[in-house]
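Q: Starting from these lines, generate the structure:
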Amino acid sequence: MEEDELKQKLVHYEELEKQLKQFTNFYQELMNKAIEIQGVLQALEELNRSKLNSKMLVPIASGIFVHSELKNSSEVVVNVGADVCVKKSVSETEILLKDRLADVERHMSEVASVIQQLSELEESLEEELKDYV
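A: Below is the predicted model of the structure:
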């Protein structure tokens, strides 16, 4: 292998490593989003089981809660984007969240496929380069 070709392959290998890291980070972000959505779905299930006027701790920020009483367990206020919030029934909200979760899981599958392809390319290129580096 000529020196120029070797340099090109090394640059290509480094680019593959960078892309692989970016896609792996993106996959982790998607996984975190899926976990978050699953947690909200679980919270909605608990809300459905809660009695009216029951005392609750409601998060207002990470690790900060206020005491409150449940006055309505059939509706929630949902941010639908662009800081627009609307009232939705719990069942409507569950459907919305399940759709979002399905989208996230579909993206996770697509990203996992890309990661697999990049990994295979990287391994192949690494095999070619190991005798020269």
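Q: Skipping adjacent residues, who's closest to the residue nearest the centre of the chain in space?
A: In the chain, the residue lying closest to the centroid (C-alpha atoms, centre = their mean) is L30, at 1.9 Å. In space, and not counting its chain neighbours, L30 is closest to M108: 4.7 Å by C-beta to C-beta, 6 or more residues apart in numbering. (Each C-beta comes from the backbone N, C-alpha and C, glycine too.)
Q: Spit out the contact partners of K87.
A: E75, V76, V77, V78 (C-beta atoms under 8 Å, 6 or more residues apart in numbering).
Q: Sheet-wise, list the partners of the particular helix or strand that has it in it with their directions.
A: With secondary structure defined by DSSP states H and E, K87 is part of strand 84-89. Using DSSP bridges, strand 84-89 pairs in its sheet with strand 75-81 (antiparallel).
Q: Pull the residues that contact the partner strand.
A: L44, L47, C85, V86, K87, K88, S89, V90, T93, L96.
Q: still on that earlier bit, buried sites along the strand holding K87?
A: For strand 84-89, a neighbour-count test (16 or more other C-beta atoms under 10 Å) marks K88 as buried.
Q: Between strand 84-89 and the next helix or strand along the chain from it, find me the angle.
A: Where DSSP H and E defines the elements, the next helix or strand beyond strand 84-89 is helix 90-129. The directions of helix 90-129 and strand 84-89 differ by 120 degrees, with axes from the mean of the first three to the mean of the last three C-alpha atoms, to 10 degrees as the criterion.
Q: Does helix 90-129 pack against any helices or strands, and if so which?
A: helix 3-49, strand 75-81 (3 or more C-beta pairs under 8 Å, 6 or more residues apart in numbering; DSSP states H and E).
Q: What's the first helix or strand after the longest one?
A: Going down the chain from helix 3-49, the next helix or strand is strand 55-61, by DSSP H and E.
Q: picking up where we left off before, and the strand holding K87, C-alpha only, in PDB?
A: The C-alpha atoms that make up strand 84-89 are tabulated as PDB, following Å, rounded to 0.1, in the frame of the first residue of the first chain:
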ATOM      1  CA  VAL A  84     -48.700  26.100  23.500                       C
ATOM      2  CA  CYS A  85     -50.400  24.000  26.200                       C
ATOM      3  CA  VAL A  86     -53.800  22.300  25.900                       C
ATOM      4  CA  LYS A  87     -56.000  20.300  28.100                       C
ATOM      5  CA  LYS A  88     -56.200  16.600  27.200                       C
ATOM      6  CA  SER A  89     -57.800  13.600  28.800                       C
END
